[in-house]
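Asks: Okay, sequence plus prediction incoming.
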Amino acid sequence: MKKLRLCFLISLCLILCGCSSLTNNGPDETKLPELEKEASSEPNAGTEPNQNSTNILFEETLTSGLKVAVTDYNALLISGADIVENIKENRVLSSYISKITSIEIGEGVHLIGEKAFAEFNTIQRVTIGPDTERIAYSAFSECTALTGITFGQNITAIEDYAFSGCTALKDASLNQSLESLGSYVFSGCTALQNVNIGPSLKTMGTGVFSGCTALASIRTASDVSSAAFQDLTSLVTVVLTDEVKNIADRAFAGCTSLKNMTFSNQLIGIGDYAFSGCTGLQSVSIPAGVEQIAHGAFSGCTALDTVKISHNPVLLIEENAFNGCSLLSSLEIEEGCGLEIGVSAFSGCAALRAVTIPEGATRIDEKAFAALTALEKINLPSTLTEIGEEAFSGCSALDTVEIASGGALDIRKAAFKDCTALVKLTLPEGVLTIGEKAFSGCSALETLILPKTLTEVGYRMIEKTTSLKAMNYRGSSSEWYDVKKAKDWNIESGEWGGSLGINKYNVE
C-alpha cells in the first residue's frame, strides 16, 4: 500500500512540473518589442496623403505617346508628348476626371494644344514644366475653378483665348521669356487682381484682359496693345517699366479708378484715346522721348489737374488730346520742346488760367485752346510759325498775349475772335499775315500795334472792336501801302471800313 501511494505522488509531481514548464516558455504579449507592436497596428484611415511620396492610382500611355497618371492627391500628371486632344473627353481617364483638382505638365510636352483642358471645371491649379513652349487657342478656357497657374520658364507664346473665362483665377505672373500674348487671353477672368508681364514680350493682341473687372494692378515690361486693359474699372495702378516704347489705341480707356500711372522713360508713342475717360487720373508726367500724344489720348480725364511735358525734340500733341480735362489748371512744358499742338487739343480745359508755350514749339492748330473762359495769359515763343484758326477764340478772360519776336508767324482766321477782355495787343516783328476776323469781337481792345514785317491783313480783321482807339504800325506809310489788304480795306487810304486807319507810323 505504501509503495502504491509513493508512486502516485511521484507521478503527480511530474505532471505539475511539466505544466509549469509549458507556462514559463510561452510568449508574453505585454513584453513585445515596441517596433513589433507598431508594425502590427492598423493604419489611420483619416491620414491625409503625402504629396511628396506620390501614390499612383492609375497610369497609361496613350496612342499619341502621351503619358498620363492619376495620383492619390487628385493630380493628373502628363508627360512624354505634345497634348493634341481634349483631355477631359479622353475615355481612358473618364472614371477619374471628376476628381482631378490639379494638372502637372512635365517633360516632353512642348505644346499644350487647342482646347486641351477647355471647360475642365474641377481643376484648381496648373503647373507647367520647363519643356513647354506654346499654349494654344483656348487651351484652358472656361476652367471656372482654376485659381492659380505656374508658368514654365520657356513658354514663348500664349495664343488667343487661352485662359478666357477662368473666373476664379486671381494672379497671372507670366514667365520672363514670353514673346507673344494673343488676343483675349485672359478675357472674362473676373477674379484676376494682379498681372506681371516680362520684358521679352514682343506682341500683344487686342482685348487681352477685357472684362477682368477685379484687376487692380499691372506691371509690364512690354508694349501695351490696343484695348488691352480697356474699361477695367477696378484698375488703380499701372507701372510701365523702361522697356515699354508704345501704348496702343484705347489701351487704358475707361479705366475710371486709375490713379497711379508710371510711364516708361523709353516711351515713344501714346495711341488714340489711350487714357480717354480715366476719370480718376489726377496728374500725368510725359517723359522725354515721347514723339506723339495721339488723338484724344487723355480726353475726358475730368480729374486731371496737372500735366508735365519733358523736353522732347519732336512732339506732336494731336487733335483733342486733352479735350474736356475740365480741372486741368497746370500745364508745364519744358524749354526746347519741339511742340506741335493739334486741333482742339486743350479745348474744354475750363480751369486753365495761364499757358506758356516754350521756345522750340512750332505750331498751334485750329481751336487748340478755344473757349477757355478762365484763361488769362498766354506766352508764345519766337519759334512759332502758325497760330491756327480760332486757336484762342472765345477766351473771354484773356487779357495778356505775349509773343516773342524774331520768327516768321502767320495768325490764321479768327485766332483771337471774341477775346473780350483783351485791351492791348502788340504783335512782334516776324508776324507775316493776319487772317480774316483774327480780332473780331475783341470789344475791349483799345490799342493794336502791327509789325513792319506784316505782308497781309484779312477781311473783317478788326470788326466789332468797338473800343479800338489806336492802330499803330512800326513801318512807314509807304510800307503800309504795300501790305496786301482784304476788300473791306480802302487801298488808297489804308483805312478799314472807311473810318479806322493807322494812327501812327514808325512806332517803336
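Replies: Here it is on my side, so go on.
Asks: and the next element down the chain from the helix or strand bottoming out on mean pLDDT in the chain?
Replies: Among the helical and strand segments of the chain, the one scoring lowest on mean pLDDT, DSSP states H and E is helix 34-40, with a mean of 34. Tracing the chain past helix 34-40, the next element assigned as helix or strand by DSSP states H and E is strand 56-61.
Asks: ok, then the element right after that next one?
Replies: Beyond strand 56-61 in the direction of the C-terminus, DSSP H and E gives the next helix or strand as strand 67-71.
Asks: Need the pLDDT of residue 370.
Replies: Residue 370 is assigned a pLDDT of 97 by the prediction.
Asks: my guess is it meets residue 396, correct?
Replies: No. Using Cβ atoms under 8 Å, residue 370 is not in contact with residue 396, being 11.2 Å away. For glycine as for every other residue, the C-beta is placed from the backbone atoms N, C-alpha and C.
Asks: neighbour count winner among the two?
Replies: Relative neighbour count places residue 370 above the other of residue 370 and residue 396, with 24 against 17, counting by other Cβ atoms under 10 Å.
Asks: give the contact list for that one.
Replies: The neighbours of residue 370, taking Cβ atoms under 8 Å, 6 or more residues apart in numbering as the test, are 344, 347, 390-395.
Asks: Would you verify that it is located in a strand?
Replies: No. Counting by DSSP: H, G, I helix; E, B strand; the rest coil, residue 370 is not part of a strand but coil.
Asks: if I look at the spatially most central residue of the chain, how far off is residue 424?
Replies: Nearest residue to the geometric centre of the chain (Cα atoms, centre = their mean): residue 252, 4.8 Å. Per Cβ to Cβ, to the nearest Å, residue 252 is found 45 Å from residue 424.
Asks: do the same with residue 181
Replies: 59 Å.
Asks: With neighbour numbers in mind, choose between those two.
Replies: Looking at residue 181 and residue 424 with other Cβ under 10 Å, you find the greater number of neighbours at residue 181, namely 24 against 14.
Asks: beta partners of that one?
Replies: On DSSP bridges, the residues paired with residue 181 through beta bridges are residue 158, residue 204.
Asks: OK, contacts around it?
Replies: When contacts are counted by Cβ under 8 Å, 6+ apart, residue 181 touches 158, 174, 197, 201, 203-205, 208, 222.
Asks: go again using 6 Å as the cut-off
Replies: When contacts are counted by Cβ atoms under 6 Å, 6 or more residues apart in numbering, residue 181 is found next to 158, 204, 208.
Asks: same deal with residue 82?
Replies: If you count contacts by Cβ under 6 Å, 6+ apart, residue 82 has them with 110-111.
Asks: how much space between it and residue 468?
Replies: Applying Cβ to Cβ, one obtains 83 Å for the distance of residue 82 from residue 468.
Asks: Strands of the stretch 251-400 of the chain, start to end?
Replies: 260-262, 269-270, 283-286, 292-293, 306-309, 315-317, 330-333, 339-341, 354-356, 363-364, 377-380, 386-387, 400-403 (DSSP state E, counting those that start in this stretch).
Asks: Mind pulling up the pLDDT for residue 461?
Replies: The confidence metric pLDDT takes the value 93 at residue 461.
Asks: And for it, nearest residue in space, chain neighbours not counted?
Replies: Leaving aside its sequence neighbours, residue 461 sits nearest to residue 438 (Cβ to Cβ, 6 or more residues apart in numbering; 5.2 Å).
Asks: ok, how many other residues are close to the one you found?
Replies: So residue 438, with other Cβ under 10 Å, has 26 neighbours.
Asks: thought it was touching residue 412?
Replies: No. Under the contact definition of Cβ atoms under 6 Å, residue 438 does not touch residue 412, with a separation of 7.5 Å.
Asks: just for the stretch 401-508 of the chain, where's the confidence low?
Replies: 491-494, 497-499, 508 (pLDDT under 70).
Asks: And the strands in it, which stretches?
Replies: For the stretch 401-508 of the chain, the strands defined by DSSP E, counting those that start in this stretch cover 409-411, 424-426, 431-434, 447-450, 456-457, 470-473, 484-485.
Asks: So in that sheet, which strands flank the fourth one, and in what orientation?
Replies: The partner list of strand 447-450 in its sheet, established with DSSP bridges, is strand 424-426 (parallel), strand 470-473 (parallel).
Asks: Would you mind giving those as a markdown table with distance to residue 279 added?
Replies: Converted to a markdown table, the strands paired with strand 447-450 look like this (distance: least, Cβ to Cβ, whole Å):
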| stretch | distance to residue 279 |
| --- | --- |
| strand 424-426 | 38 |
| strand 470-473 | 47 |
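Asks: I'd like the distance from residue 425 to residue 447, if you could.
Replies: 7 Å.
Asks: out of the two, which sits in the busier spot?
Replies: The neighbour comparison of residue 425 against residue 447 (other Cβ under 10 Å) goes to residue 425, with 19 against 15.
Asks: The more buried one touches residue 446, doesn't it?
Replies: No. Taking contact to mean Cβ under 6 Å, the distance of 9.6 Å between residue 425 and residue 446 leaves them out of contact.
Asks: Tell me how many other residues crowd the closest residue in space to residue 142 that isn't next to it in sequence.
Replies: Leaving out its chain neighbours, the residue that sits closest to residue 142 by Cβ to Cβ, 6+ apart is residue 165, at 4.2 Å. When counting by other Cβ under 10 Å, one arrives at 22 neighbours for residue 165.
Asks: Check residue 335 too.
Replies: Neighbour count for residue 335, taken as other Cβ under 10 Å: 11.
Asks: and the nearest residue to it once chain neighbours are set aside, what is it in contact with?
Replies: In space, not counting the residues next to it along the chain, residue 335 is nearest to residue 358; the distance is 4.5 Å by Cβ to Cβ, 6+ apart. Contact partners of residue 358, counting by Cβ under 6 Å, 6+ apart, are 333, 335, 337, 381.
Asks: if you set the cut-off to 8 Å instead, what comes out?
Replies: 333-337, 339, 381.
Asks: separation between the closest residue to residue 225 other than its chain neighbours and residue 253?
Replies: Closest residue in space to residue 225, ignoring its immediate chain neighbours: residue 204 at 3.7 Å, by Cβ to Cβ, 6+ apart. Using Cβ to Cβ, we find residue 204 at a distance of 16 Å from residue 253.
Asks: hmm, back to that, identify, from the contacts of residue 370, the entry nearest to residue 305.
Replies: Using Cβ to Cβ, the shortest approach to residue 305 within the contacts of residue 370 belongs to residue 347, at 17.0 Å.
Asks: List the residues that contact the closest one.
Replies: Residue 347 makes contacts with 320, 323-324, 367-372, as judged by Cβ under 8 Å, 6+ apart.
Asks: Among those residues, which one is most surrounded by other residues?
Replies: Neighbour counts for those peak at residue 368, which has 29 neighbours (criterion: other Cβ under 10 Å).
Asks: what phi and what psi does the backbone show at it?
Replies: Note on residue 368: its backbone torsions stand at phi -60, psi -40 [degrees, to the nearest 10].
Asks: is it true that it touches residue 341?
Replies: Yes. Under the criterion of Cβ under 8 Å, residue 368 lies in contact with residue 341, with a separation of 4.8 Å.
Asks: circling back to that earlier point, out of the strands of the stretch 401-508 of the chain, which one sits most buried?
Replies: With neighbours defined by mean count of other Cβ atoms under 10 Å, none of the strands of the stretch 401-508 of the chain is more surrounded on average than strand 409-411, at a mean of 23.
Asks: Tell me which other helices or strands that strand touches.
Replies: Taking 3 or more Cβ pairs under 8 Å, 6 or more residues apart in numbering; DSSP states H and E as contact, the helices and strands that strand 409-411 lies on are strand 386-387, strand 431-434.
Asks: Adjacent strands (with direction) for that strand?
Replies: Looking at strand 409-411 with DSSP bridges, its paired strands and their directions are strand 386-387 (parallel), strand 431-434 (parallel).
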